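S.K.: sharing a model that was predicted from the sequence below.
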Amino acid sequence: RQMCIRDRVSTQRLNHLISRQYMEKQRLSEKEQIYEILNRLGVQYEAKDHEASPNMELVLKNVKLEKSPFIKNLLYINSKKKDFYMVCAIHDTKVEKTYWKQIGLGAGNMRLATAEQVKDILNVEVGSVSPFALVNDHEQKVKSLIFDQGLETQEYVSFHPLVNNAIVELKQSEFKKFLDEYKIDIKYLDLTVKEAEIEPKEQAQKQAPKKIEKEEEEGITKLRIEYKKSENFSKWYSQVIIKSEMIDYYDISGCYILRPNAYNIWETIQRNFDSWIKELGVENAYFPMFVSQKALETEKDHVEGFAPEVAWVTKSGNSDLKEPIAVRPTSETIMYPAFSKWVSSHRDLPILLNQWTNVVRWEFKHPTPFIRTREFLWQEGHTAHVTLKESEQMVYTILDLYEKVYTDILAVPVIKGKKTDTEKFAGGYYTTTIETIIPANSRGVQAATSHNLGQNFSKMFDITFENEKKEKDFAWQTSWGLTTRSIGVMIMYHGDDKGLVLPPKVARIQVVIVPIYFKDVKSDDLLNYASSLYKELKQAGVRVFLDDTTIHSPGWKFNNWELKGVPIRFEIGPKEVEKNEVRSVQRFNGQKQNVPREAIGAWAVKELEQIQKNMYDNANQQLQNKVKHASDWKTFMEHLNSGNGVITPWCGIDAEENKVKERSAIESKNLNEDAELQLTGAAKTLCIPFNQEPIKEGEVCFFTGKEAKYRVLWGRSY
């Protein structure tokens, strides 16, 4: 029996070996052959069929990816050496030709491979190039597989399996099994770096190798942000939030871990906003996160607005549920059946409730931490009132509080306004909003919204009461929400090339004290001086940290605290002790000054208040510079393509608003690919600003030429 088992095992191994050798000698051309290889290697993957998509435009249209970004794959040839190189990058990465210098190749010799060369080397069509096709490169003519650094932080990747009517999505750790099997190495390079950035760097390395070695020894280079905010905003943002320990990635795409540095900011927002709404009589409650299909579909317009984003629970263990249950995308349909039970008389109103919770919206767009995620934290308020006037007062009071969160706490300017009917909350009466524009990438962001739901939901859920005239009436309702998106907006506004820049009001550490030790100086005196500073700042109400560790150099500490955005750094050395002063360095503007030791607590409090004000003033000026005016289409597109929000006179016709979106999207595709600012996509209305110049007599809409009713703010948004 043991011999039979051994024989059977040997036969299986032999068949496996023969199958592998057969595969290696053959020129593969079918997706099933790739699946066979992945199965043989025990690779976990998900394969999807779709319409033939030989270019990225069709891929974006026809393919839906759950976890991986869309990736473009290009095959290059060195016309001088006749070597080939495969390049992979996230689809919207602008690849600079000069990146070839990073691997010692001249950009002038690099060309995209022809269709004939692609077929000859990889046995696939041009629209089907991917690393899977390297199984056909038996002569190893492809010298390198190059991934842009933007892919290094992605947990999942996706590639065509030799044909362009299917896609394989898998974890990079699983993909590595395939690469290891065929002895394929990945080189991660920054494909977006420009020539002007490469040559000075190389020259600096030649001129000052000792300095660089010293920095690397201290670990400083690992702290530094490798991308400039003004040149590669998305990679800059990704590095800042990871290196500053704001978030960490999770194994479900679009979901992220909020680390203490980030959650502390959310707690600060919570404490302040919660106290403000309680002064209005609002109480906190908690409702379940699940909603029945019947309840969710009660309000037709509402469910249609959220349908693409709803996540459904369909199984319990191995058993199918009798009916699917939705995970909360918002709570109107969860809370209002309870409202209906609680209200019978006008004396039962108003209901003023809020809950701090999470929601899930299963976005299919490329996720951006804090800004666009599948799960996020928020507060959502829901109220019911006797009259329209009462509900309107609540809507605008809450909007003022949202503005206060951004301007007073986060030092971020906003524009208050009302959404057009096209952009208002699904099923609502009208929506008020605060909007802003990120100066570095010119994207509009909806910062928070406060909705007047009218009586629509009360009619659907039978929230009725007997009024003072003994007549049946429907409640007037509001709902309003603020999310952790606010943290991302704050980072995008204030962060710089060194990392975070935190407004003092949300900084977990407002002042960090760094003693600078010297070999010939007694450390006890230095530490005693720093400790006394710590105690005085603490007594003054300043959130202070004493970094008295000795495992890192002062240079490392300076970089670390700058990366994490601490507003003020106190540097304490023997001279400061001798002169009874401190060396103060501001994170916001780098200002350095020597400050007398006397009354240091009061000085720090005042200085932090001034930094908060200066940060807001600076951000507000940036926003004002990003808002332009236009009265015709040509000027509108010029401002838009220059990275601005644009205020225009508007006719107020919903159908025409959709036409503006369509036309601006089409014209944006015609932008020069080498343009400095690659900001494309459809323009949409961000809001009807409350603070606007009145429409003049005879003034017409910039798009239709019809009579203008009011002015709207347009932008390209997240």
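M.R.: Right, received. Where do you want to start?

S.K.: secondary structure element holding residue 401?
M.R.: Take DSSP states H and E as the rule and residue 401 turns out to sit in helix 388-404.

S.K.: sorry, slip of the keys, the one I care about is residue 702.
M.R.: With DSSP H and E as the test, residue 702 turns up in no helix or strand.

S.K.: quick one: residues contacting the residue nearest to it when sequence neighbours are not counted.
M.R.: Nearest residue to residue 702 in three dimensions, chain neighbours excluded: residue 648, at 4.2 Å (CB to CB, 6 or more residues apart in numbering). C-betas here are computed from N, CA, C, even on glycine. Residue 648 makes contact with 629, 630, 631, 636, 701, 702, 703, 711, 712, 714, according to CB atoms under 8 Å, 6 or more residues apart in numbering.

S.K.: residue 352 is in contact with residue 283, isn't it?
M.R.: Yes. Between residue 352 and residue 283 there is a contact under CB atoms under 8 Å: 6.4 Å.

S.K.: more crowded one of those two?
M.R.: Legend: neighbour count by other CB atoms under 10 Å for residue 352 and residue 283, higher for residue 352 (18 against 11).

S.K.: the strand or helix carrying the more buried one packs against which elements?
M.R.: Assignment of secondary structure by DSSP H and E places residue 352 within strand 351-360. Using 3 or more CB pairs under 8 Å, 6 or more residues apart in numbering; DSSP states H and E, the elements in contact with strand 351-360 are helix 260-279, strand 283-284, helix 332-342, strand 375-385.

S.K.: just say which of these is most tucked in.
M.R.: Of the helices and strands packed on strand 351-360, the one with the most neighbours on average (mean count of other CB atoms under 10 Å) is strand 375-385, at a mean of 22.

S.K.: other SSEs contacting that one?
M.R.: If you count contacts as 3+ CB pairs under 8 Å, 6+ apart, strand 375-385 packs onto helix 260-279, helix 332-342, strand 351-360, helix 388-404, strand 476-483.

S.K.: adding distance to residue 370 and mean pLDDT, write those out as CSV.
M.R.: Shown next, in CSV, are these (distance: least, CB to CB, whole Å; pLDDT from 0 to 100):
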stretch, distance to residue 370, mean pLDDT
helix 260-279, 8, 98
helix 332-342, 24, 94
strand 351-360, 14, 96
helix 388-404, 17, 98
strand 476-483, 9, 97
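
S.K.: please name whichever of those is nearest to residue 579.
M.R.: Closest to residue 579 of those, according to CB to CB: helix 260-279, at 34.0 Å.

S.K.: doesn't residue 132 make contact with residue 178?
M.R.: Yes. Using CB under 8 Å, residue 178 is in contact with residue 132, at 7.5 Å.

S.K.: of those two, who's got more company?
M.R.: Shown here are residue 178 and residue 132; by other CB under 10 Å, residue 132 has more neighbours (25 against 22).

S.K.: gap between the helix holding residue 401 and the chain center?
M.R.: Relative to its chain's centre, helix 388-404 lies at 28 Å (CA atoms, centre = their mean, to the nearest Å).

S.K.: what's next to it, contact-wise?
M.R.: Contact with helix 388-404 is made by 273, 276-277, 280, 350, 352, 381, 383, 385, 414, 416, 432-434, 447-448, 450-454, 476-478, 480, 482, as judged by CB under 8 Å, 6+ apart.

S.K.: I'd like to know which of those residues are buried.
M.R.: Among those, the ones that count as buried by 16 or more other CB atoms under 10 Å are 273, 276-277, 350, 352, 381, 383, 385, 414, 416, 432-434, 447-448, 450-454, 476-478, 480, 482.

S.K.: state the mean pLDDT of stretch 64-78.
M.R.: Across stretch 64-78, the average pLDDT comes to 89.

S.K.: let's number from 10 now, not from 1
M.R.: Okay, residue one is now 10; in that scheme the one you just asked about reads as stretch 73-87.

S.K.: measure it end to end?
M.R.: 34 Å (CA to CA, to the nearest Å).

S.K.: chain center to that stretch: distance?
M.R.: From the chain centre to the centre of stretch 73-87 is a distance of 21 Å (CA atoms, centre = their mean).

S.K.: ok, stretch 253-268 next?
M.R.: Centre-to-centre, stretch 253-268 and its host chain are 11 Å apart (CA atoms, centre = their mean).

S.K.: got it, and stretch 571-591?
M.R.: Centre to centre, stretch against its chain (CA atoms, centre = their mean), the figure for stretch 571-591 is 34 Å.

S.K.: on that earlier part again, can you list the helices and strands packed on strand 384-394 in TSV and add distance to residue 431?
M.R.: Below are the helices and strands packed on strand 384-394 laid out as TSV (distance: least, CB to CB, whole Å):
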stretch	distance to residue 431
helix 269-288	29
helix 341-351	20
strand 360-369	23
helix 397-413	19
strand 485-492	19
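
S.K.: nearest to residue 513, of these?
M.R.: helix 269-288 (10.9 Å).

S.K.: low-confidence ranges in this protein?
M.R.: Low-confidence segments of the chain, defined by pLDDT under 70, span residues 10-34, 107, 202-230, 308-312, 314-315, 372-374, 530, 678-689.

S.K.: let's see which of the contacts of residue 657 end up in helices.
M.R.: residue 645 (DSSP state H).

S.K.: mind naming the longest helix for this structure?
M.R.: Looking across the chain with DSSP H, the single longest helix is helix 609-634.

S.K.: counting by contacts, list what it packs against.
M.R.: Judged by 3+ CB pairs under 8 Å, 6+ apart, helix 609-634 is in contact with helix 494-503, helix 532-548, strand 577-581, strand 590-595.

S.K.: how about 10 Å then?
M.R.: Helices and strands touching helix 609-634, as assessed by 3 or more CB pairs under 10 Å, 6 or more residues apart in numbering; DSSP states H and E, comprise strand 439-446, helix 494-503, strand 520-524, helix 532-548, strand 577-581, strand 590-595, strand 601-605.

S.K.: using TSV, lay out these together with distance to residue 59.
M.R.: Converted to TSV, the helices and strands packed on helix 609-634 look like this (distance: least, CB to CB, whole Å):
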stretch	distance to residue 59
strand 439-446	35
helix 494-503	31
strand 520-524	52
helix 532-548	60
strand 577-581	53
strand 590-595	53
strand 601-605	58
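
S.K.: which among those is found nearest to residue 198?
M.R.: With CB to CB as the criterion, residue 198 lies closest to helix 494-503 of those, at 25.9 Å.

S.K.: the inter-axis angle of the closest one versus helix 609-634?
M.R.: Between helix 494-503 and helix 609-634, the angle comes out at 90 degrees (axes from the mean of the first three to the mean of the last three CA atoms, to 10 degrees).
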